[in-house]
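Student: Structure for the following, please:
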Amino acid sequence: MATIKATDDTLDQIIKNNKIVLVDFWAPWCGPCRMMAPVLDQLADEVDKEAVIAKLNVDQNPFASVKYRIQGIPTLKLFVNGREATTFVGIQPLNKLKAFIMQYAN
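Tutor: Next up, the predicted model:
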């Protein structure tokens with residue numbers, strides 16, 4: 001499954017409706033964010049049955065960025081059963097993100 005686009009209006013519902021959600025807070029002008037995009041696309045394919053990978057453009061969605069205390073990008077927040085489980089800031093390797101998701105998948 002591909003990553004899904006989240007907005008100020010849809011993010012809370014995406015988090016609420018899925019057991020595991022990794023949200024990528026990003027912007028198109030951010031070089032490290034662009035570097036993370038193919039990693040997140042691959043992750044979405046590899047954890048298709050276990051988790052949803054959502055991308056939220058912080059420039060277009062300022063309310064969610066404030067609500068979730070985003071101070072730098074890329075920031076990735078992992079939500080499990082609607083609650084924030086962990087936060088990653090900066091470029092992250094695929095295997096690290098997948099390991100965190102899989103520990104909550106069972």
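
Student: Need the pLDDT of the residue nearest the centre of the chain.
Tutor: For the chain, the residue nearest the mean C-alpha position is V23 (1.8 Å; CA atoms, centre = their mean). We have a pLDDT of 98 for V23.

Student: Check A2 too.
Tutor: Reported pLDDT for A2: 82.

Student: Show me the contact partners of the longest helix belonging to the chain.
Tutor: Longest helix in the chain, counting residues (DSSP state H): helix 31-46. With contacts defined as CB atoms under 8 Å, 6 or more residues apart in numbering, helix 31-46 is touched by 1-3, 22, 24, 26-28, 53, 55, 73-74, 76, 90-94, 97-98, 101. C-beta here means a position set from N, CA and C on the backbone, and glycine is covered the same way.

Student: switch the cut-off to 7 Å
Tutor: 1-3, 24, 26-27, 53, 73-74, 90-91, 94, 97-98 (CB atoms under 7 Å, 6 or more residues apart in numbering).
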